[in-house]
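A.B. asks: have a look at this fold, sequence not included:
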(Lines give C-alpha, C1' and ligand atoms only; values in the text may rest on other atoms or scores of the structure.)
Protein backbone atom coordinates (compact mmCIF):
# COMPACT_ATOMS: atom_id res chain seq x y z
CA UNK A 1 0.00 0.00 0.00
CA UNK A 2 2.89 2.33 0.67
CA UNK A 3 3.88 2.07 -2.99
CA UNK A 4 0.35 3.01 -4.13
CA UNK A 5 0.38 5.96 -1.74
CA UNK A 6 3.59 7.30 -3.31
CA UNK A 7 2.31 6.73 -6.84
CA UNK A 8 -0.98 8.45 -6.04
CA UNK A 9 0.74 11.46 -4.49
CA UNK A 10 3.05 11.74 -7.54
CA UNK A 11 0.14 11.62 -10.01
CA UNK A 12 -1.87 14.24 -8.11
CA UNK A 13 1.17 16.48 -7.63
CA UNK A 14 2.09 16.26 -11.33
CA UNK A 15 -1.42 17.17 -12.46
CA UNK A 16 -1.59 20.12 -10.08
CA UNK A 17 1.88 21.35 -11.08
CA UNK A 18 0.74 21.25 -14.73
CA UNK A 19 -2.19 23.51 -13.83
CA UNK A 20 -5.03 21.00 -13.54
CA UNK A 21 -8.02 22.50 -11.70
CA UNK A 22 -8.13 21.30 -8.06
CA UNK A 23 -11.75 22.45 -7.66
CA UNK A 24 -13.26 20.00 -10.17
CA UNK A 25 -14.35 16.41 -9.70
CA UNK A 26 -12.25 13.95 -11.69
CA UNK A 27 -13.18 10.66 -13.32
CA UNK A 28 -10.65 8.32 -11.75
CA UNK A 29 -10.22 5.04 -13.62
CA UNK A 30 -9.03 2.07 -11.58
CA UNK A 31 -7.62 -0.75 -13.72
CA UNK A 32 -7.78 -4.51 -13.13
CA UNK A 33 -6.20 -7.27 -15.22
CA UNK A 34 -6.00 -11.06 -15.15
CA UNK A 35 -5.29 -13.90 -17.55
CA UNK A 36 -8.24 -15.86 -16.09
CA UNK A 37 -11.59 -14.39 -17.16
CA UNK A 38 -13.47 -16.18 -14.35
CA UNK A 39 -11.27 -14.59 -11.68
CA UNK A 40 -11.68 -11.20 -13.34
CA UNK A 41 -15.44 -11.66 -13.36
CA UNK A 42 -15.31 -12.55 -9.66
CA UNK A 43 -13.40 -9.34 -8.95
CA UNK A 44 -15.90 -7.28 -10.96
CA UNK A 45 -18.81 -8.77 -9.02
CA UNK A 46 -17.08 -8.14 -5.68
CA UNK A 47 -16.41 -4.50 -6.61
CA UNK A 48 -20.01 -4.08 -7.82
CA UNK A 49 -21.27 -5.41 -4.49
CA UNK A 50 -19.20 -2.69 -2.79
CA UNK A 51 -21.10 -0.10 -4.84
CA UNK A 52 -18.58 0.57 -7.61
CA UNK A 53 -19.51 1.24 -11.23
CA UNK A 54 -17.81 -1.60 -13.12
CA UNK A 55 -17.20 -1.29 -16.84
CA UNK A 56 -17.46 -4.23 -19.24
CA UNK A 57 -14.41 -6.52 -19.33
CA UNK A 58 -12.36 -6.53 -22.50
CA UNK A 59 -9.62 -8.68 -23.94
CA UNK A 60 -6.40 -6.67 -24.15
CA UNK A 61 -3.31 -7.32 -26.23
CA UNK A 62 0.06 -7.16 -24.48
CA UNK A 63 3.23 -5.76 -26.04
CA UNK A 64 4.53 -9.30 -26.61
CA UNK A 65 1.34 -10.25 -28.49
CA UNK A 66 -0.18 -12.15 -25.56
CA UNK A 67 -3.74 -11.62 -24.38
CA UNK A 68 -5.09 -10.63 -21.00
CA UNK A 69 -8.50 -9.64 -19.68
CA UNK A 70 -9.16 -6.29 -18.04
CA UNK A 71 -11.83 -3.95 -16.77
CA UNK A 72 -12.01 -0.49 -15.26
CA UNK A 73 -13.92 0.99 -12.38
CA UNK A 74 -14.71 4.68 -12.80
CA UNK A 75 -15.17 6.84 -9.71
CA UNK A 76 -15.76 10.59 -9.47
CA UNK A 77 -13.38 12.02 -6.90
CA UNK A 78 -11.52 15.12 -5.83
CA UNK A 79 -7.96 15.40 -7.08
CA UNK A 80 -6.64 14.49 -3.66
CA UNK A 81 -4.34 11.53 -2.98
CA UNK A 82 -5.96 10.76 0.39
CA UNK A 83 -9.45 10.64 -1.13
CA UNK A 84 -8.28 8.47 -4.03
CA UNK A 85 -6.36 6.17 -1.68
CA UNK A 86 -9.60 5.31 0.12
CA UNK A 87 -10.79 3.65 -3.09
CA UNK A 88 -7.35 2.21 -3.87
CA UNK A 89 -7.28 0.46 -0.47
CA UNK A 90 -10.68 -1.15 -1.03
CA UNK A 91 -9.94 -2.13 -4.61
CA UNK A 92 -6.49 -3.58 -3.88
CA UNK A 93 -8.18 -5.75 -1.23
CA UNK A 94 -10.73 -6.95 -3.82
CA UNK A 95 -7.90 -7.78 -6.22
CA UNK A 96 -5.99 -9.72 -3.57
CA UNK A 97 -9.07 -11.65 -2.46
CA UNK A 98 -9.97 -12.69 -6.01
CA UNK A 99 -6.49 -13.35 -7.40
CA UNK A 100 -6.39 -10.57 -9.99
CA UNK A 101 -3.98 -7.67 -10.41
CA UNK A 102 -4.88 -4.12 -9.46
CA UNK A 103 -3.08 -2.27 -12.26
CA UNK A 104 -3.26 1.26 -10.87
CA UNK A 105 -5.38 4.28 -11.57
CA UNK A 106 -5.38 7.28 -13.81
CA UNK A 107 -7.31 10.41 -14.68
CA UNK A 108 -7.12 13.29 -17.11
CA UNK A 109 -5.97 16.90 -16.91
CA UNK A 110 -8.80 19.41 -16.43
CA UNK A 111 -8.66 23.16 -17.00
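C.D. replies: Perfect, I can see it now. Owing to the predicted nature of the structure, the values given are computational and were not obtained by experimental measurement. Residues are numbered from 1 along each chain as shown.
A.B. asks: residue 39: what secondary structure?
C.D. replies: Local secondary structure at residue 39 is given as helix here, using DSSP: H, G, I helix; E, B strand; the rest coil.
A.B. asks: and the strand ranked longest in the chain, how far out from the chain's middle?
C.D. replies: Under DSSP state E, the strand in the chain containing the largest number of residues is strand 67-78. Between the mean C-alpha location of strand 67-78 and the chain-wide mean there is a distance of 5 Å, by CA atoms, centre = their mean, to the nearest Å.
A.B. asks: how about stretch 82-98?
C.D. replies: On the basis of CA atoms, centre = their mean, stretch 82-98 sits 9 Å off its chain's mean C-alpha point.
A.B. asks: ok, now stretch 51-66?
C.D. replies: Between the centre of stretch 51-66 and the centre of its chain there are 12 Å (CA atoms, centre = their mean).
A.B. asks: how far does it stretch from one end to the other?
C.D. replies: For stretch 51-66, the first and last residues are 32 Å from each other (CA to CA, to the nearest Å).
A.B. asks: isn't residue 78 right next to residue 26, touching?
C.D. replies: Yes: taking contacts as CB atoms under 8 Å, residue 78 lies within contact range of residue 26: 7.3 Å. Using the backbone N, CA and C atoms, a C-beta is placed for each residue, glycine as well.
A.B. asks: who has more neighbours, these two?
C.D. replies: Neighbours per residue (other CB atoms under 10 Å) separate residue 78 from residue 26, with residue 26 holding more: 23 against 15.
A.B. asks: nearest residue to the more buried one other than its sequence neighbours?
C.D. replies: Across the structure, with CB to CB, 6 or more residues apart in numbering as the measure, the residue nearest residue 26 apart from its sequence neighbours is residue 107 (4.5 Å).
A.B. asks: again, but for residue 48
C.D. replies: residue 54 (5.0 Å).
A.B. asks: quick one, phi psi at that neighbour?
C.D. replies: phi -100, psi 130 (degrees, to the nearest 10).
A.B. asks: list the contacts of it.
C.D. replies: Shown here is residue 54, whose contacts under the criterion CB atoms under 8 Å, 6 or more residues apart in numbering are 44, 47-48, 71, 73.
A.B. asks: now what about the strand or helix carrying residue 33, what contacts it?
C.D. replies: Using DSSP states H and E, the secondary-structure element containing residue 33 is strand 25-34. Counting by CB under 8 Å, 6+ apart, strand 25-34 makes contact with 40, 43-44, 60, 68-79, 84, 87-88, 91, 95, 99-108, 110, all of which sit outside it.
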